[in-house]
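Visitor: Predicted model and sequence below, questions to follow.
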Amino acid sequence: MTFNIMRLSALYSDTAISSPNGWMPREFSTITMSPLVAIMGVCLIGLLILGGLWLKSRYSNSGFHRARYSEKSTELSATYDYVTGLPTRRLFGTLLEQAVGRAAKTGRPLALFVVELEHFRMVAESQGQANGNVLVRVQAARVKGVLHSTETVARLAQDQFAMILDTLTSHQEVTTIVEKLQATVGLPLTLEGHELFQTCRIGVALYPQDATEHEGLIKQAMQAVKKAKSEGQAVQFASAIVSSSAPEPIPAASKQAA
């Protein structure tokens, strides 16, 4: 294919041009350019502009996604415990409020347990942070395994769990679950060759006997577990309805054997 050659004349200057041999008179310089080269140059410039715009857009989107990811991570860490994956105290209040609302509509009983692991902090310090996390994960799984899959377990504090029992058919089931919970938490656990035995304190509040709102239930259950701890009891009921059938106290000591 043959292209016409385009000649462009460029005038350097109205003045003389300096050279090593002296002064040269002004003259014309002829530049030849192929239309194909011109088109390719324009396309190249266009591609460079488009590439710059694309990179700018990608950087902006990347920053936006990083911000959204950071926001979601912060939200998750505020509602779910990073060690156990259980709901935190913040989310637990909402879940309990919903459970109380369902109980009010159906008329079914509801129980709230606050479970406090005995000497957890001492064991965690002696075994190290990593083993402490393993210990609490194991106990969280044990506590959750006592309940039905639809019932809720949350981590309120480093050594405290909360349980919402909203599938009860009678209050007598509560004492059965208390006994099962004590036996499950008390199972031995081996960490780096050391066999650990752990017990727990349990505070129980019932709906609607002890409180008719979720905040009142939490308060009653927390007071019950504190009373159990101060009186050396394994379990304390806020309600007198089932306290007479509560299990006998168990030794509240954490043993560690090599």
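Guide: Great, that's in hand.
Visitor: helix or strand for residue 161, which one?
Guide: strand 160-165 (DSSP states H and E).
Visitor: Okay, now the sheet partners of that strand, with direction.
Guide: Partner strands for strand 160-165, per DSSP bridges, with pairing direction: strand 110-117 (antiparallel), strand 152-157 (antiparallel).
Visitor: Let me know which of those strands is tucked in deepest.
Guide: Mean neighbour count (mean count of other C-beta atoms under 10 Å) peaks for strand 110-117 among the strands paired with strand 160-165, with a mean of 25. Every residue, glycine included, has its C-beta placed from N, CA and C.
Visitor: Centre of the chain to that one, how far?
Guide: 22 Å (C-alpha atoms, centre = their mean, to the nearest Å).
Visitor: contact partners of that strand?
Guide: For strand 110-117, contacts defined as C-beta atoms under 8 Å, 6 or more residues apart in numbering pick out 96, 99-100, 103, 136, 139, 143, 156, 159-166, 168, 171, 174, 177-178, 181, 185, 198, 200-207, 217-218, 220-222, 224-225, 229.
Visitor: Select only the buried ones of those in PyMOL?
Guide: Buried members of those, defined by 16 or more other C-beta atoms under 10 Å, are picked up in PyMOL with:
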select buried, resi 96+99+100+103+136+139+143+156+159+160+161+162+163+164+165+166+168+171+174+177+178+181+185+198+200+201+202+203+204+205+206+207+217+218+220+221+222+224+225
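Visitor: Give me the mean pLDDT for the strand holding residue 161.
Guide: Average pLDDT, strand 160-165: 96.
Visitor: Give the next helix or strand downstream of it.
Guide: Downstream of strand 160-165, the first helix or strand assigned by DSSP H and E is helix 172-185.
Visitor: Against which helices or strands is that following helix packed?
Guide: strand 110-117, helix 129-146, strand 160-165, strand 200-207, helix 240-243 (3 or more C-beta pairs under 8 Å, 6 or more residues apart in numbering; DSSP states H and E).
Visitor: mind checking which of these is nearest residue 83?
Guide: helix 129-146 (5.1 Å; C-beta to C-beta).
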